[in-house]
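[1] Only the shape, not the letters, is given here:
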């Protein structure tokens, strides 16, 4: 059976076509090198080199082995480096998913700093709903999730809240909803259609909203379901319903849409943006990214808030 050591010896001999120079490059004596090549030929039952007193040349079989051996050794070296990087926490790729509207100011800043400190790691970002993130973390397709902790079951994950956000409503700009302070009570939305994320993706939110509406004395006229926030904004702008979003959406310049605070929504409907990961998969690189996210989130909380005042009671 071929040995990796023999293949490495053969590659150098095939490149040098001279046993003396090859032995010098490998840091070994010439006789052991000749014996290594001979044992390789015997294991393959093929002559790899034509040797004369004046020159060494590759046989057709030797040319095939040279090509294949170089590919094998390259793959082995890559695998070894990848394992060592993994053991040191130097992942070559980090996969992070984030929920729409969650930690919009925190994650980009964290990734920017991380890229400066860990330039050899490619950070891949993907927008996903919280339920999709939990599944991705558990099946190994994600390394870190930025999700809404209130909306999912995070059993088996380590989770740290990084940002609290209120749920507000997106209403058509032309509709006369809300007082002079941009607030209203939930009962004022009776008779209107709602635009929400699909129920199977955000079941906790649907349940909490339906319960809040019942306590306010009504049921939604109709519920339109869309998977992406910008689809929801498009429906709202075209006066097809009222959307429920996190208050971070106030920063978005969206034509035809106004944002209004609902004063009496229950606490269970408001969001907790959290960073989540699988504890057994934690590496130094992931730990560094999580620490960056937490520190930037803390800095954001401590900084003066330039967003419009929250008039909820």
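    Perfect, I can see it now. If you're wondering where the values come from, they're calculated on a predicted model, not measured in any experiment.
[2] So which residue is dead centre in this structure?
    residue 96 (1.7 Å; C-alpha atoms, centre = their mean).
[3] Any figure for the gap between it and residue 119?
    Distance from residue 96 to residue 119, counting by C-beta to C-beta, to the nearest Å: 17 Å. Glycine gets a C-beta too; all of them are placed from N, C-alpha and C.
[4] now do residue 77
    Distance of residue 77 to residue 119, given as C-beta to C-beta: 21 Å.
[5] Got phi/psi on residue 140?
    In this entry, residue 140 is assigned phi and psi values of phi 90, psi 10 (degrees, to the nearest 10).
[6] What pLDDT does the model give it?
    You'll see residue 140 listed with a pLDDT of 85.
[7] Also the one 5 residues further on?
    We note a pLDDT of 95 for residue 145 in this prediction.
[8] Wait, a strand at it?
    Yes - looking at residue 145 with DSSP: H, G, I helix; E, B strand; the rest coil, it is inside a strand.
[9] Tell me how many other residues surround the nearest residue to it once chain neighbours are set aside.
    Leaving aside its chain neighbours, residue 145 sits nearest to residue 133 (3.6 Å; criterion: C-beta to C-beta, 6 or more residues apart in numbering). If you count neighbours by other C-beta atoms under 10 Å, residue 133 ends up with 28.
[10] Might you report the residue contacts of residue 133?
    The contact partners of residue 133, by C-beta atoms under 8 Å, 6 or more residues apart in numbering, come to 97, 99, 142, 145-147, 152, 276.
[11] which ones are touching the residue nearest to residue 19 when sequence neighbours are not counted?
    The shortest distance from residue 19 to any non-neighbouring residue, by C-beta to C-beta, 6+ apart, is to residue 30 (5.3 Å). Residues near residue 30 by C-beta under 8 Å, 6+ apart: 19-20, 23.
[12] Show me which of these are buried.
    When the contacts of residue 30 are checked for burial by 16 or more other C-beta atoms under 10 Å, the buried set is 19, 23.
[13] Can you lay out the contacts of residue 30 as a markdown table showing pLDDT?
    Below are the contacts of residue 30 laid out as a markdown table (pLDDT from 0 to 100):
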| residue | pLDDT |
| --- | --- |
| 19 | 94 |
| 20 | 93 |
| 23 | 94 |
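[14] okay, the contacts of residue 30 in JSON lines with distance to residue 233 and secondary structure next?
    Shown next, in JSON lines, are the contacts of residue 30 (distance: C-beta to C-beta, whole Å; DSSP: H, G, I helix; E, B strand; the rest coil):
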{"residue": "19", "distance to residue 233": "73", "secondary structure": "helix"}
{"residue": "20", "distance to residue 233": "74", "secondary structure": "helix"}
{"residue": "23", "distance to residue 233": "71", "secondary structure": "helix"}
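[15] need the contacts of residue 30 in TSV with distance to residue 295, can you?
    Below are the contacts of residue 30 laid out as TSV (distance: C-beta to C-beta, whole Å):
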residue	distance to residue 295
19	59
20	59
23	55
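[16] for this structure, what spans make up the strands?
    Ranges of strands in the chain, per DSSP state E, are 49-51, 56-58, 93-98, 122-127, 144-148, 158-165, 167-172, 183-184, 194-196, 223-225, 242-246, 257-262, 271-277.
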